[in-house]
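Peer 1: Have a look at this prediction, sequence included:
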Amino acid sequence: MVTVPLVGAIFGFGALAAVFLLNRGLAPRGGWLLVAYLLLASCPALAETLQGQAWWVGMPPPQSISSILLVLQLTTLGLLTFFSLGLSGRLGWLTACAIWLVVLAVVGLLLPGVVLPLGQMTAMLAVALAGWMLFSAGLLLALIYAYLTARLPLHANRVLFWTLALLLCLVGQALPLSTDALAAHLGVPIGLVGATGLTYAVLRHRLFDVRDALRRGIGYLLSTIIVACVVLMGLLLASQFLTTGGSSGVLGVALVALLLAFMFQPLWNFSQRMIQRYVLGERSDQAMLLRDYSQAIGEILDVEQLATAAVGIISEVLEVRRGALLLVTLLEDGDFRLRPVRGMGQLPQDERYLRSDSLVMQGFCETRGPLLQYDIDLGPSFHALEPEERDWWHNLAMDVYVPIMGREVPIGILALGPKGSGESYRPTELELLGTLAGQTAVALKNARMFGDLRQLNTEVNGLNEDLKSTNERLQQLDQVKSDFITIASHELRTPLTQVKGYTDILLAMNEEGGLSRNQVTEIGGSLSRASDRLEQVINAMLDVSQIDVQGMAMHFIETSIDTVLRFAIEKLAPAMRERKQTLTVRGVIGLPVLYADFQRLTQALSNVLTNAIKFTPDGGKISITGQQLSARGGPGDFIEVVVADTGVGIDPKDQELIFEKFYRVGNPTFHSTGATKFMGAGPGLGLPIARGVVEAHGGRLWVESSGYDPQTYPGSAFHIVLPLRPPAMSAEAMPSLESGASRPAGAAAVAAGAPGRR
Ligand code: ADP
């Protein structure tokens, strides 16, 4: 016999499946599960009908079929829920359902046909029902959790909608098992309503706002109550007239009725406005908001301020707690650069480049309207969005994006977070945001142009500064060049003149025949000193030219800094004694051995020491301090030697230049009165050579001084940092170094990674 539930079920669920398949096929998430569920949902009615047929005799009893169908329905429903809402735990659910089915089968086999006293149920049906309750409760709990943890209101709305539809489905599943005939028949229609809800939710990613619908319903209810009260009051008043006033009473009633008729519509509108404003919290004075907004942002020429002002005003109206302005730059290759500028609240994302075919940007260009994060997450048009880009938008943690359009592409995007009330954005609000974004376009264009100009200006200023300092340096170097001629000729000519002069004297005196032995010794001594000086200057020039071509040959041997210093000091001790200067040496004994070119390092240290003597007044103090820079030991370590004096000091602007060849502070024609005389001039080659040698060891040499002052003597401190082993030396090369190995200077200097200041 064909029953009503059968027709209803087959027609209803079948129609739903057909609508679904015609609309979307099985493509949407969980599509095949929905079709499976719809088929399963129609089965109980079918089974019930079939059992009435004569040929069904001998087939499984009705309650066993219902039990199994119940398990299958709930399994599918649960999986569909997990799929459609993107919840995790599908596998767990499937396993639990499988266990439930096995238990059911075991009970069916062990206790066939056992009927429990409770409502004439078989043991199998009882197990199925108990499981149904347990599993339904679990599913609902999972939905409640998903609702509470939903980040965006539209996600929460989807969960809420799904929960309501699911509840109806569950009730529709349970009711056919009831012994009450009416309740059993209600199962199919209720289940159909629930299934319609689920089908709608799977087909459409944007669902109608359940909470908004509820709120509006309440709004209408309140308006109706208010208007009804007023009408009732009027009617009460009229009845008062009617009982007391005879013919005037009829007139009075007519008047009240007319008044009520006139007042009905305005009263309804008024109550609706009041409820919208004070109960539902909707702002209707949009014109005022637009005026406030354009006034507030019109004058702003700074992008950061613009973001703060725009988001600030919007947040006042829509009670948004977070917001930002994403600055969009269209790059030459068609890609986009998005730079988030904070407006309010945290901004967790950095700048991001999006490809020209980014679905989101294309969406903005096509619709020129707002886009919801919910659409990006679930919208069918964004299914193919690149996962990385999807994550970026997701991590911005915003709710809505409103493009600020340029001519064809957005120049900015107003990104707004969820509303404080937890509600989703209403269509009217999205429209309002679109209008506000339109107003922001001009202000944003101006601000960006102004920002670009300001940046350009800063860049030009920076370039100017660079140009100025390069110019100054070029001038100084130019000066050095011309000084070189003066210095070289002066430094070479002085001893040369001496040689020539003494030779002339020697010859003249010899001709006269009056040359005594003492005179020969004296003139010979002077000649020797002059030619020594000549040799020194020429050697220095050769050394410095070697550094230039990175060809200074190094002979590294194992030595100690203490020995090197002793050699350097030994030669200069007479000069220090003559100048009554005191020298203190601390911390050098006990420093680890190092690999160094003994002669070159002695030369470098003696150059620095010579300068300390030369630029420190008589009676001044010179100190040498040594220390190990790292206590770890091993080839990576460094030692530092600081040569400090109480001399005239060095102006900060000269502190790098003095390491340039031929550079000397002051007048280059200043006459040299001797290598160690106070403020005696030299060829300006001592420090470039010293630095060249130190760098050839992989070390660093620099000076620190508060400034030049020949009255107060602020002093200077030359820092020499040397690695215990030059970096260019490989471990394999070590044994041969014991006897001294040659390496070109440049290699070590390039690999240098010594600590210190340059
Ligand atoms: P010079 O042969 O002229 O001494 P250097 O290269 O050794 O050439 O030094 C360059 C310049 O650096 C010196 O002319 C001097 O002005 C300055 N200078 C070097 N050492 C010191 C120091 N200890 N105190 C003050 N000025 C110094």
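Peer 2: Arrived safely, thanks for sending. Residues are numbered from 1 along each chain as shown.
Peer 1: Report the contact partners of the closest residue to the ligand within the stretch 101-250 of the chain.
Peer 2: Closest contact between the stretch 101-250 of the chain and the ligand, by C-beta to the nearest ligand atom, is at R151 (66.7 Å). Using the backbone N, CA and C atoms, a C-beta is placed for each residue, glycine as well. Neighbouring residues of R151 by C-beta atoms under 8 Å, 6 or more residues apart in numbering: A397, P418.
Peer 1: Need the three-state assignment for it.
Peer 2: Counting by DSSP: H, G, I helix; E, B strand; the rest coil, the backbone at R151 sits in coil.
Peer 1: From T163, how far off is it?
Peer 2: Between R151 and T163 the computed distance is 17 Å (C-beta to C-beta, to the nearest Å).
Peer 1: Please state the backbone phi and psi of the residue of the stretch 101-250 of the chain closest to the ligand?
Peer 2: Taking degrees, to the nearest 10, you get phi -80, psi -40 for the backbone angles of R151.
Peer 1: Repeat that for G715.
Peer 2: Per-residue torsions, G715: phi 80, psi 170 (degrees, to the nearest 10).
Peer 1: What is the burial count for R725?
Peer 2: Residues contacting R725 under the criterion other C-beta atoms under 10 Å number 24.
Peer 1: With T494 instead?
Peer 2: 16.
Peer 1: State the pLDDT value of it.
Peer 2: We have a pLDDT of 81 for T494.
Peer 1: Go ahead and confirm it touches R533.
Peer 2: Yes: counting by C-beta atoms under 8 Å, R533 is a contact partner of T494 at 7.5 Å.
Peer 1: Touching both of those two, which residues are there?
Peer 2: With C-beta under 8 Å, 6+ apart as the test, T494 and R533 reach no residue in common.
Peer 1: Tell me the secondary structure of P617, please.
Peer 2: Using three-state DSSP, the structure places P617 in coil.
Peer 1: For it, which non-adjacent residue is spatially closest?
Peer 2: Closest residue in space to P617, ignoring its immediate chain neighbours: F678 at 6.0 Å, by C-beta to C-beta, 6 or more residues apart in numbering.
Peer 1: How much space separates the one you found from Q498?
Peer 2: F678 is 21 Å from Q498, by C-beta to C-beta.
Peer 1: residues from the chain in reach of the ligand?
Peer 2: Counting by C-beta under 6 Å from any ligand atom, the chain comes close to the ligand at 607, 611-612, 615, 645, 647-648, 650, 658, 664-665, 681-688, 716.
Peer 1: For the residue of the stretch 101-250 of the chain closest to the ligand, give its distance to Y374.
Peer 2: Here R151 is placed at a distance of 10 Å from Y374 (C-beta to C-beta).
Peer 1: Please apply the same query to T199.
Peer 2: Taking C-beta to C-beta, one finds T199 at 20 Å from Y374.
Peer 1: can you check I538 too?
Peer 2: 84 Å.
Peer 1: These two - which one has more neighbours?
Peer 2: Neighbour comparison, I538 and Y374: the larger count goes to Y374, with 23 against 13 (by other C-beta under 10 Å).
Peer 1: Which residue, other than its chain neighbours, is closest to the more buried one?
Peer 2: With C-beta to C-beta, 6+ apart as the criterion, Y374 has its nearest non-adjacent residue at 3.7 Å, and that residue is L154.
Peer 1: Isn't the one you found up against L372?
Peer 2: Yes: contact criterion C-beta under 8 Å: L154 and L372 qualify, at 6.2 Å.
Peer 1: So for the two, which sits in the more crowded spot?
Peer 2: Between L154 and L372, L154 has the larger neighbour count (other C-beta under 10 Å), namely 25 against 20.
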